[in-house]
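1. what's the 3D shape of this:
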Amino acid sequence: MTKDQYLRMVEQTGEEIDWDRCPPDAEDFPESVLTALNIYNSLGNKIFPDVGFVGKDYVLLDYLLKSYNIESEQQKDWVFELLSHMENNDVAESQRKIKSEYEKIKRK
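-> Below you'll find the predicted structure:
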């Protein structure tokens, strides 16, 4: 559900807007977060059949940082912290899915 859909639903039902439940839109994030998200999505994935997603391929990171004019060490650290956070979440989600699939297979 997008923010716009949520706001229309609340309007139709006459409920009070609960901003904690409202999904964020791109404009709700600082530009640095959007830049990190774009860089993250531009990096390749490392996926193995038995293990699943194990992380991003950072070969293009320097090129992407230059492309987005991220030059200071502070900016690079911030972007890398965001990239690491997104990667950790994706690895955990992949592991959860793999475990769930193994459990399904074991039950059969």
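
2. I'd like the distance between the closest residue to residue 18 other than its chain neighbours and residue 27.
-> Ranked by CB to CB, 6 or more residues apart in numbering and with sequence neighbours excluded, the top spatial neighbour of residue 18 is residue 10, at 8.0 Å. C-beta here means a position set from N, CA and C on the backbone, and glycine is covered the same way. Per CB to CB, to the nearest Å, residue 10 is found 19 Å from residue 27.

3. the more surrounded of those two?
-> Using other CB atoms under 10 Å as the criterion, residue 10 and residue 27 rank with residue 10 on top: 15 against 7.

4. wait, the more buried one sits on residue 21?
-> No - if you go by CB atoms under 8 Å, residue 10 and residue 21 don't touch, sitting 9.3 Å apart.

5. who's in contact with the residue nearest to residue 18?
-> Each residue near residue 10 by CB atoms under 8 Å, 6 or more residues apart in numbering is listed here: 16-18.

6. one more: residue 35?
-> 68, 70, 79.

7. in helices only, show me these.
-> Per DSSP state H, helices hold the following members of the contacts of residue 35: residue 79.

8. going by distance to residue 46, which of the contacts of residue 35 wins?
-> Residue 46 has its nearest neighbour among these in residue 79, at 19.3 Å by CB to CB.

9. what about the closest residue to that closest one other than its chain neighbours, how many residues nearby?
-> Take residue 79 and drop its neighbours on the chain: the residue closest to it by CB to CB, 6+ apart is residue 36, 4.8 Å away. The tally of other residues near residue 36 (other CB under 10 Å) stands at 23.

10. what does residue 56 give?
-> 22.

11. repeat for residue 51
-> Close neighbours of residue 51, defined as other CB under 10 Å, add up to 12.
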